[in-house]
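**Student:** Prediction below, plus the sequence it came from.
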Amino acid sequence: MTFSLYDAVIPSNLQILGAVVGLIDKAEAFAAEKHITPEAMIDARLAPDMLPFGYQVKSSVDHSAGAVAGVRAGSFSPNLSPWPTDFAGLRAMVQEGIDALKALDPAEFDALAARDCEFRMGDLKLPFGGATFLLSFSQPNFYFHATTAYDVLRAKGVKLGKRDFLGQLRVKL
């Protein structure tokens with residue numbers, strides 16, 4: 001059985017982004033139940049020097065659908081635009097990422113493996129091949145930000161478990 005770049009990246013991105021939508025739903029329900037403003041939940045963070053829940057959600061999309069766009073363009077830079085300040089906006093942003101990933105043609109995606117992609121942040125420029133950028137840079141960042149979003153909510157008291165992070169498993173049918 002051949003295991004492609006598409007198989008190594010996209011199904012897991014879709015699974016975890018689906019779980020991120022569930023995290024947003026639980027954050028919204030918790031905020032309503034505890035009379036916490038949406039802004040307070042979206043701005044919640046684990047530590048003063050860490051970026052908040054909203055940023056973590058946005059970065060999960062940036063390091064999945066945004067990473068694909070970066071490889072296509074030959075360059076990826078951190079997205080410094082503001083994240084949505086309401087739950088509906090966060091949910092819509094994640095759904096846009098899911099839709100973009102679902103629209104990918106597996107063969108077209110696999111061809112990105114051979115493309116050059118440069119990571120740029122200020123004066124820092126790191127050269128990558130498409131596959132190594134996706135697997136060694138964006139994929140670890142994707143999981144970091146999705147995990148941090150989960151952890152922020154846990155720290156706020158939202159009742160979450162491992163199944164909330166895992167999302168819909170892709171079991172053999």
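**Tutor:** Cool, got the structure. Residues are numbered from 1 along each chain as shown.
**Student:** Tell me who's in contact with the one residue sitting closest to the centre of the chain.
**Tutor:** Central residue of the chain (Cα atoms, centre = their mean): S60, 1.5 Å from the mean position. If you count contacts by Cβ atoms under 8 Å, 6 or more residues apart in numbering, S60 has them with I16, L17, V20, V94, G97, F142, H145, A146, A149. Yep, even glycine has a C-beta here, placed from its N, CA and C like the rest.
**Student:** how about 6 Å then?
**Tutor:** V20, H145, A146 (Cβ atoms under 6 Å, 6 or more residues apart in numbering).
**Student:** Work out for me the element the first one sits within.
**Tutor:** Applying DSSP states H and E as the criterion places V20 in helix 5-34.
**Student:** packing partners for that helix?
**Tutor:** Using 3 or more Cβ pairs under 6 Å, 6 or more residues apart in numbering; DSSP states H and E, the elements in contact with helix 5-34 are helix 38-42, helix 87-102, helix 106-111, helix 139-156.
**Student:** where's the residue nearest to the centre of the chain, which helix or strand?
**Tutor:** Taking DSSP H and E as the criterion, S60 maps to helix 53-62.
**Student:** Below-threshold pLDDT in this protein: ranges please.
**Tutor:** The chain contains no residues with pLDDT under 70.
**Student:** Now do the end-to-end distance for stretch 25-42.
**Tutor:** 12 Å (Cα to Cα, to the nearest Å).
**Student:** Return the distance of that stretch from the chain's centre.
**Tutor:** Taking Cα atoms, centre = their mean, to the nearest Å, one finds the center of stretch 25-42 at 20 Å from the center of the full chain.
**Student:** buried set for the helix holding V20?
**Tutor:** By neighbour count with 16 or more other Cβ atoms under 10 Å, helix 5-34 contains the buried residues 5-6, 9-10, 12-14, 16-17, 19-24, 26-28, 30-31.
**Student:** gap between the residue nearest to the centre of the chain and A32?
**Tutor:** Distance, S60 to A32, using Cβ to Cβ, to the nearest Å: 23 Å.
**Student:** coming back round to it: now mean neighbour count too, for the helices and strands packed on helix 5-34, in a markdown table please.
**Tutor:** Listed next are the helices and strands packed on helix 5-34 as a markdown table, based on neighbours: other Cβ atoms under 10 Å:
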| stretch | mean neighbour count |
| --- | --- |
| helix 38-42 | 19 |
| helix 87-102 | 17 |
| helix 106-111 | 14 |
| helix 139-156 | 19 |
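**Student:** can you tell me which of those helices comes nearest to F119?
**Tutor:** Ranking these by proximity to F119 (Cβ to Cβ) places helix 139-156 first, at 10.3 Å.
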